[in-house]
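**Q** starting from these lines, generate the structure:
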Amino acid sequence: MEFPRKVMDALKTIGLNLYERKLWVALLARGVSTAGELSQLTRVPRSRTYDTLESLAEKGFIVIQTARPLRFVALSPREALERAKKKIEEKMREAMSRIDEILESPIIEELEKLYEKGLKLVEPEELTGALKGKFTVNQQMSNMFKGAEREISILTDPHGLRDLAEHHFTLLKTLKDRGVNIRIASVINEGCSDAIKALSGVAEIRSVNEKELPIAGGFCTVDRKQLLLSLTDHKVDPSQHLAIWSRSEHAAERVFQPLFEVIWQKAKKVG
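**A** Down below sits the predicted model:
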């Protein structure tokens, strides 16, 4: 059986593995079938067909008909996807509820103690890692910001400036109210007016001449203890965005903070 490339690629994006995709598409084409028939049709190993079909049933894509042998029934694609979405929402609510229970229990204190104890044993160079994907990078940036006590220094471009306004404004405002000094040096273009208007209330912003920048790319430091360095620009797909995070005080305080100060002194005040 041939499997349309566009269909298979689309189903991959919603988390179905190759066997699940093949068996579901084949079952849609037949309506009702046994595991053996579907195995022959799709060339999915017989040993994997039953557990894969059970997985599809658990996710809400198909129905198992109790007969001898077991028969598997296809639902309409729209109904199947709606059922699958509800299943995911239910699992997400359950998982979030369990996480909230841990956060509100003494267990979180025990976990924090373990982390703090382990942190003292780790060398700074070990607290460095690569981050992939815009969502992951923004999440790590938020985590860094949340721990800020004194200052945050950010070098960015127009796209990064808009990202700060869109994804981090509320947190930055909270930090400013807490007394954290926030400075943003950015290349600025005509599309930055709304972001500047929003962020000027929580940070001091200066305009950087892109031609005078000593480096290509952006970075931020928090309390001169943590560093986040972008390795790609806005032209790459968000899923391919790369950055490096480090808790090396040497890199943050001795390398990138002085670089930021040089750029900051040459930058022009905004507003």
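
**Q** quick check: which element contains Tyr129?
**A** Quick fix: residue 129 is Gly, not Tyr. Element membership of Gly129, judged by DSSP states H and E, is strand 128-132.

**Q** same for that strand, what does it pack against?
**A** Using 3 or more Cβ pairs under 8 Å, 6 or more residues apart in numbering; DSSP states H and E, the elements in contact with strand 128-132 are strand 242-246. (Each C-beta comes from the backbone N, C-alpha and C, glycine too.)

**Q** lowest average confidence, helix or strand, in the protein?
**A** Lowest on mean pLDDT, DSSP states H and E among the helices and strands of the chain sits helix 107-120, with a mean of 78.

**Q** what's the offset of it from the middle of its chain?
**A** Mean-position distance between helix 107-120 and its chain equals 24 Å (Cα atoms, centre = their mean, to the nearest Å).

**Q** pull the CA atoms of that helix into PDB?
**A** In PDB, the C-alpha atoms belonging to helix 107-120 read as follows (Å, rounded to 0.1, in the frame of the first residue of the first chain):
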ATOM      1  CA  ILE A 107       8.500  17.300  48.400                       C
ATOM      2  CA  ILE A 108       9.500  20.500  46.500                       C
ATOM      3  CA  GLU A 109      11.600  21.600  49.400                       C
ATOM      4  CA  GLU A 110      13.400  18.200  49.400                       C
ATOM      5  CA  LEU A 111      14.000  18.500  45.700                       C
ATOM      6  CA  GLU A 112      15.400  22.000  46.100                       C
ATOM      7  CA  LYS A 113      17.800  20.900  48.800                       C
ATOM      8  CA  LEU A 114      19.000  18.100  46.600                       C
ATOM      9  CA  TYR A 115      19.600  20.600  43.800                       C
ATOM     10  CA  GLU A 116      21.400  23.100  45.900                       C
ATOM     11  CA  LYS A 117      23.600  20.300  47.400                       C
ATOM     12  CA  GLY A 118      24.400  19.000  43.900                       C
ATOM     13  CA  LEU A 119      25.100  22.400  42.600                       C
ATOM     14  CA  LYS A 120      28.000  22.900  45.000                       C
END
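
**Q** how about that helix: buried residues?
**A** Of the residues in helix 107-120, none count as buried by neighbour count, 16 or more other Cβ atoms under 10 Å.

**Q** for it, packing partners?
**A** If contacts are counted by 3+ Cβ pairs under 8 Å, 6+ apart, helix 107-120 sits against no helix or strand.

**Q** paired strands for the strand holding Gly129, with orientation please.
**A** Neighbouring strands of strand 128-132 in its sheet, by DSSP bridges, are strand 242-246 (antiparallel).

**Q** strands along the chain, start to end?
**A** 32-34, 62-65, 71-74, 128-132, 151-156, 181-186, 204-207, 219-222, 226-230, 242-246, 268-269 (DSSP state E).
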